[in-house]
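*Asks:* Need coordinates for the below:
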Amino acid sequence: MEAILYERFGGPEVLALGEADKPRPGAGQVRVKVVAAGVNPVDYRIRNGWMRHQFPVTFPAIPGLEVAGVVDELGEGVTGFAVGDEVFGHADTGAYAEYALATQIVAKPAGLSWEQAAALPVAGETSERVLNQLELAEGETLLIHGAAGVVGSVGVQLAVARGATVIGTASPENHAFLRELGATPLAYGEGLVERVREAAPQGIDAVYDAAGKGALPDSIALRGGTTSRIVTIADTGAADLGVVFSGDGTPDPRPIYEAHARLVAEGRLRIRHAETFPLAEAPKALELSEGGHTRGKLVIQP
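*Replies:* This is a model prediction of the structure:
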């Protein structure tokens, strides 16, 4: 099969389109004919070798954690799926390929596009997990850093649905988008503490950092000097400040996938899609992702 491969850690230059053996499903796995694969910042972090302890890599490696496609083969003991079923979820093997193996998958609703299905798993599970860790409740005020990104914008919508007031940091060109989602947008950078206090005189009950761009000291100040109820998914220096870094996924995210898929299919949860790339242009997609200026989800379609 065709796949994007890399044989050493490094930048986009280590990626190349090549041939790999078509994987065979083991017990409990299905093989998926990939229709779409989601691009995530964690993909280039793994490729650079920055997360080798959390995500051990065996070379040659195939990137990609999110997969959407059609069940092609069933492993031993698999029930609830048949060859030909449309599914999406977390890939056990790299999703930047014509075929991938998967265990944590669910049925794709008819109202969910392939691009949405490939974009949903990481953003939805991450934000649901963080809001639960923060114990966000109705009537509270949440500050989200990086609120206009794919993960952050899902977090905004889920928090608003819980009855929270949401303050979201983003560049000015994304402020109208955040207002549409129900958040109060603010520019990040110097003077943020004052801007947040003016926008939320009632105070900040919790902070969700989806940006990882040095916003934690300001977050601590806005929480009155405490690190309580601050969670980051992107700032690797969190431990030095005593802030919780949330990196371990939900043990079984399938109920989250199913619930969020229904919301997207019904138009009650928005997934911002930026651009779709053919498999051969996956290195370009990862380079854009690493640049950090895309306005929406990047998707690979083999």
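
*Asks:* All the helices of the stretch 201-302 of the chain, residue numbers only.
*Replies:* Along the stretch 201-302 of the chain, the stretches classed as helices by DSSP state H, counting those that start in this stretch are 216-222, 238-241, 254-265, 282-291.

*Asks:* Hmm, residue 167 and residue 199 touching each other?
*Replies:* Yes: between residue 199 and residue 167 there is a contact under C-beta atoms under 8 Å: 5.7 Å. In this view, the C-beta of every residue, glycine as well, is placed from N, C-alpha and C.

*Asks:* returning to what we had before: residue 181: which of the helices of the stretch 201-302 of the chain is closest?
*Replies:* Ranking the helices of the stretch 201-302 of the chain by their distance to residue 181 (criterion: C-beta to C-beta) puts helix 254-265 first, at 13.1 Å.

*Asks:* just how off-centre is that closest one within its chain?
*Replies:* 14 Å (C-alpha atoms, centre = their mean, to the nearest Å).

*Asks:* try stretch 38-49
*Replies:* For stretch 38-49 - counting by C-alpha atoms, centre = their mean - the centre lies 11 Å from the chain centre.

*Asks:* Could I get the average pLDDT for that stretch?
*Replies:* When pLDDT is averaged over stretch 38-49, the result is 92.

*Asks:* got the buried residues for that stretch?
*Replies:* By 16 or more other C-beta atoms under 10 Å, the buried positions in stretch 38-49 come out as 38-47.

*Asks:* Equivalent analysis for stretch 68-76, please.
*Replies:* For stretch 68-76, a neighbour-count test (16+ other C-beta under 10 Å) marks 68-69, 71-74 as buried.

*Asks:* Quick one: those residues as TSV, columns for pLDDT too.
*Replies:* Shown next, in TSV, are the buried residues of stretch 68-76 (pLDDT from 0 to 100):
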residue	pLDDT
68	98
69	98
71	98
72	97
73	98
74	98
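
*Asks:* I'd say residue 143 and residue 206 touch.
*Replies:* Yes: Residue 143 lies in contact with residue 206 (C-beta under 8 Å); the separation is 7.4 Å.

*Asks:* Need the CA coordinates for the helix or strand where residue 131 lies. PDB is fine.
*Replies:* Residue 131 is part of helix 114-133, with elements assigned from DSSP states H and E. Extracted in PDB, the C-alpha atoms of helix 114-133 (Å, rounded to 0.1, in the frame of the first residue of the first chain):
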ATOM      1  CA  TRP A 114     -15.600  12.300   6.000                       C
ATOM      2  CA  GLU A 115     -13.600  15.500   6.700                       C
ATOM      3  CA  GLN A 116     -15.600  16.000   9.900                       C
ATOM      4  CA  ALA A 117     -15.200  12.400  11.000                       C
ATOM      5  CA  ALA A 118     -11.400  12.600  10.600                       C
ATOM      6  CA  ALA A 119     -11.300  15.900  12.400                       C
ATOM      7  CA  LEU A 120     -13.400  15.000  15.400                       C
ATOM      8  CA  PRO A 121     -11.700  12.300  17.600                       C
ATOM      9  CA  VAL A 122      -8.800  14.200  19.000                       C
ATOM     10  CA  ALA A 123     -10.500  17.600  19.400                       C
ATOM     11  CA  GLY A 124     -13.600  16.200  20.900                       C
ATOM     12  CA  GLU A 125     -12.000  13.700  23.300                       C
ATOM     13  CA  THR A 126      -9.300  16.200  24.400                       C
ATOM     14  CA  SER A 127     -11.800  19.000  25.300                       C
ATOM     15  CA  GLU A 128     -14.300  16.700  27.000                       C
ATOM     16  CA  ARG A 129     -11.500  15.300  29.100                       C
ATOM     17  CA  VAL A 130     -10.100  18.700  30.100                       C
ATOM     18  CA  LEU A 131     -13.500  20.100  31.000                       C
ATOM     19  CA  ASN A 132     -14.100  17.100  33.200                       C
ATOM     20  CA  GLN A 133     -10.700  17.500  34.800                       C
END
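
*Asks:* Count the neighbours of the residue nearest to residue 274 when sequence neighbours are not counted for me.
*Replies:* The shortest distance from residue 274 to any non-neighbouring residue, by C-beta to C-beta, 6 or more residues apart in numbering, is to residue 296 (3.2 Å). Neighbours of residue 296 under the rule other C-beta atoms under 10 Å: 17.

*Asks:* Fine by me, thanks again.
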